[in-house]
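Enquirer: For reference, the sequence and a predicted model appear below.
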Amino acid sequence: MRALLLFTVVFTVCPAACCAKAAAQGPAPAQVMDTLVVDAFWGAADECFHEGDYRGAMVLNLAATRIDPYFVQAYLDAAYLLWSSDQHEYAVAVYMRCALANPENEDVWEDLGDYYTVNRRDFPKAVQAFTEAVKRVHDGYQVEKKLAHAYEKAGRLQDALDLWAELNRLHPEDGAVRINYERVRSLVSTKT
């Protein structure tokens, strides 16, 4: 109910009052209003989530992305709420909408890869998502490690070994990388 009230107030009362006042005071009233609305939706979505109104939280997050298509976290939260309520096709559609609106963003692809790995255990799709993630600018090399694991789980042991070898060359100080490299190298050598 609170979400509906917020929606009604934001789209009926606030624009008329706020935009007229903002237009008289300075530039870009629409941008100011959009920011206020997105912040209100984001806060209301968080409130809905903590009150157990997951559908309301999802709707408010999606509404925020309609106003600000670059608000990646709102897409990711909506996708999580969708897949955690068994609406997997809609969740993937939200991930893809986010990727289209934010083509340079790595987070959406990493999140989608995690979804396919953990939730669906669809390792070929996880490989596709993580491959998209590593093409984009990102911090560290965690996504490369996830891709190597996905390669292995998808049965692509040579690809996994090649990636672990490269990571081991670049990060010899990382014990987890070294252990995985040696483990997968052993698996590949027993298969040949």
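Expert: Yes, it's here.
Enquirer: Check the protein and tell me which residue is nearest its centre.
Expert: The centroid of the chain falls nearest to residue 108 when counting by CA atoms, centre = their mean (3.4 Å).
Enquirer: got a list of what the closest residue to it other than its chain neighbours touches?
Expert: Spatial nearest neighbour of residue 108, chain neighbours left out: residue 98 (4.5 Å); criterion: CB to CB, 6 or more residues apart in numbering. Yep, even glycine has a C-beta here, placed from its N, CA and C like the rest. With contact set as CB atoms under 8 Å, 6 or more residues apart in numbering, residue 98 has these partners: 65, 72, 75-76, 79, 105, 108.
Enquirer: now the helices for the protein?
Expert: Per DSSP state H, the chain carries helices over the ranges 2-8, 14-25, 29-50, 54-67, 72-83, 88-101, 107-114, 123-134, 142-153, 157-170, 175-191.
Enquirer: can I get these in CSV with mean pLDDT?
Expert: Formatted as CSV, those follow (pLDDT from 0 to 100):
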stretch, mean pLDDT
helix 2-8, 52
helix 14-25, 50
helix 29-50, 90
helix 54-67, 96
helix 72-83, 98
helix 88-101, 98
helix 107-114, 98
helix 123-134, 98
helix 142-153, 98
helix 157-170, 98
helix 175-191, 96
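Enquirer: burial of residue 122, as a residue count?
Expert: Counted with other CB atoms under 10 Å, residues neighbouring residue 122 total 16.
Enquirer: brain fart, residue 28
Expert: Residue 28 - counted by other CB under 10 Å - has 11 other residues nearby.
Enquirer: Residue 45 reaches residue 62, doesn't it?
Expert: No: the pair residue 45 / residue 62 is not scored as a contact, 9.2 Å apart, by CB atoms under 8 Å.
Enquirer: The two: which is more packed in?
Expert: Higher neighbour count among residue 45 and residue 62: residue 45, with 27 against 21, using other CB under 10 Å.
Enquirer: I am finished for the moment; much appreciated.
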